[in-house]
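Visitor: mind folding the following:
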Amino acid sequence: MRALLLTAIIVLVAFIVKIDLTEGTLPLASFYPKETEELCEDQREPIYISVQVIQGDTIHSLFAIQPAKVPMTFPERLQLFYQLNPHLQLQELVPGENIKLPLSYELENLCGK
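Guide: Sure, this is the predicted structure:
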């Protein structure tokens with residue numbers, strides 16, 4: 001009987017530790033507005049211009065010709081570029097093609113920024 005009771009206590013403690021490690025001690029407490037930041041990130045819309053590609057253009061040369069309105073790193077701007085032009089993920093720029101060139105983010109009013 002003692003072995004059964006001891007086994008049940010060990011299983012219960014292991015279950016509580018697992019829940020505590022995966023969900024946290026206070027799973028409903030919100031100390032950091034993580035969901036709000038993610039919501040604001042989803043509501044961002046990039047400001048862009050449409051440009052027509054000519055022979056010899058590269059993404060880097062297009063970024064140099066049309067600088068961003070706000071300071072952005074090259075990887076951030078490249079991510080926006082592929083977000084606006086998903087068909088160019090694994091392709092080169094084709095002369096004569098119209099593409100969207102990101103300039104900055106426009107934040108929604110709901111973000112409070």
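
Visitor: pretty sure residue 100 is in a strand, no?
Guide: Yes - in this structure, residue 100 lies within a strand as judged by DSSP: H, G, I helix; E, B strand; the rest coil.

Visitor: flag the shaky bits of the protein, pLDDT-wise.
Guide: The chain contains residues with pLDDT under 70 at 23-44, 106-113.

Visitor: show me the helices in this structure, by range?
Guide: Chain-ordered helices for the chain, with DSSP state H as the definition, fall at 2-23, 34-43, 59-65, 74-84.

Visitor: ok, and what's touching the third one?
Guide: Pointing back at helix 59-65 there. Where contact means C-beta atoms under 8 Å, 6 or more residues apart in numbering, the residues beyond helix 59-65 that reach it are 51, 53, 74, 77, 78, 81, 93, 99, 101. No exception for glycine: its C-beta is placed from N, CA and C like everyone else's.
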